[in-house]
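Peer 1: Based on what follows, work out the 3D shape:
(chains A, B, C and D)
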Protein chains: 2
Amino acid sequence: MSVITDRSTSDQASPELEAYALLRQINSMMEMYNRYDLRSEDLTIPQFMILNYATAEGVPLSEISMRMLCDNSNLTGIVDRLISKGFVERRPDPQDRRVSLICLTGAGADKLRRIKPRHHAHVRRRMRSLSQDQVSELRNLLQQLFQGLQIPAVDDESREA
Amino acid sequence: MSVITDRSTSDQASPELEAYALLRQINSMMEMYNRYDLRSEDLTIPQFMILNYATAEGVPLSEISMRMLCDNSNLTGIVDRLISKGFVERRPDPQDRRVSLICLTGAGADKLRRIKPRHHAHVRRRMRSLSQDQVSELRNLLQQLFQGLQIPAVDDESREA
DNA sequence: GTGTTATAGTTTAAATATAAAGGAATTATA
DNA sequence: TATAATTCCTTTATATTTAAACTATAACAC
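Peer 2: You can find the predicted model right below:
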């Protein structure tokens, strides 16, 4: 292998790296659009996500953080801001006094009812460059990739260290 | 359409939304792994990204921020930290005195040489749940989606407001 | 029961991201 | 050339993220 092709080998050019680079870029662009959409509603992306996971009956904070793939400590401040805006409440769980339940208020439910359908329509519209079949195919591939990521594949680690 | 299916319609369940949710989750997982990998090298993800874009001759900060799909103001502090670690330098552009060139130092190049191949190997390994053909297919779909996102599709906006 | 361990949530400090404003230098235009 | 508009970068304030330490509660072992 020549010196010239060597560079491109170590640098980029594998389908895996290209796919991953694209995935990151798409995620960035979608976040930019989402942020812009939510801005007029005075909500940030993580605030909107918590609203989506909260229910009137209340959901444990750690359940939300698990679904959002983040740490509990992230959510404390975000929930504080949502409380100050009147969209959620904190209630202690009578079953387990360590747990605090995040409860969607009436105002929060109203807000969500207004924003969510539009958000979903936006997401669908922004993927219109793919046909229905292509979207399904993409979903299937991402599903498979996601499942494969669940098990960190501890083997082969030594081969590369 | 019944009330019961109505909920799932407005809530989730379209291939587009499922695909986007998976894309976000995959991105999160990959970031977690990348962060963990870089931790032992005392680098954060954005620091590593800047190192990858910097060259010995120097690259304008705004060129890096454009490629990273972020604002210039993000990079000021990150570059400061990379400078204090000795991996890059700021040099004024003689052609345009507004521009500050981000230059990779010898130490930065060494660091990169050591980390980058391993990082790429990790990314490839983490996508092993897909076959070579599937990876290529995924890359093509993401490529098409990414290109479609470039043009924000201003039309049809009114139809959903 | 007592000690150990695990879990739920918060707090803190450091790093990053966003939005807005500002300073310096360049470019466009009259 | 004088002025306006633009570009490049930094600074500021606020929000978020990460990692680590900490409190309170629960579960478990003996």
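Peer 1: residue boundaries of the strands in chain A?
Peer 2: Counting by DSSP state E, residue ranges of the strands within chain A are A:59-60, A:88-92, A:100-104.
Peer 1: Could you tell me the end-to-end distance of stretch A:92-108?
Peer 2: Taking C-alpha to C-alpha, to the nearest Å as the measure, stretch A:92-108 stretches 19 Å from start to finish.
Peer 1: Say whether chain B is contacted by that stretch.
Peer 2: No. Against chain B, stretch A:92-108 shows no contacts by C-beta under 8 Å from any C-beta of the partner chain, the least distance being 14.1 Å. (Each C-beta comes from the backbone N, C-alpha and C, glycine too.)
Peer 1: Give the burial count for the closest residue to residue A:82 other than its chain neighbours, as a bare number.
Peer 2: Closest residue to residue A:82 apart from its sequence neighbours, by C-beta to C-beta, 6 or more residues apart in numbering or on different chains: residue A:88 at 4.6 Å. Applying other C-beta atoms under 10 Å in any protein chain shown, we find 26 residues neighbouring residue A:88.
Peer 1: Could you pull up the contacting residues of residue A:88?
Peer 2: Listed by C-beta atoms under 8 Å, 6 or more residues apart in numbering or on different chains, the contact partners of residue A:88 are A:50, A:51, A:54, A:79, A:82, A:102, A:103, A:104, A:105, A:108.
Peer 1: among those, which are in helices?
Peer 2: If you go by DSSP state H, these have A:50, A:51, A:79, A:82, A:108 in helices.
Peer 1: center of chain A, which residue is that?
Peer 2: residue A:68 (6.0 Å; C-alpha atoms, centre = their mean).
Peer 1: Write out the residues of chain A neighbouring DNA strand D.
Peer 2: Taking C-beta under 7 Å from any atom of the strand, the part of chain A that reaches DNA strand D is made up of A:44-47, A:70-71, A:73-74, A:77-78, A:81, A:96-98.
Peer 1: CSV please, covering those residues and showing neighbour count and pLDDT.
Peer 2: Formatted as CSV, the residues of chain A next to DNA strand D follow (neighbours: other C-beta atoms under 10 Å in any protein chain shown; pLDDT from 0 to 100):
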residue, neighbour count, pLDDT
A:44, 16, 97
A:45, 12, 98
A:46, 17, 98
A:47, 19, 98
A:70, 16, 95
A:71, 11, 95
A:73, 8, 96
A:74, 14, 96
A:77, 10, 97
A:78, 18, 98
A:81, 15, 97
A:96, 10, 95
A:97, 8, 94
A:98, 8, 95
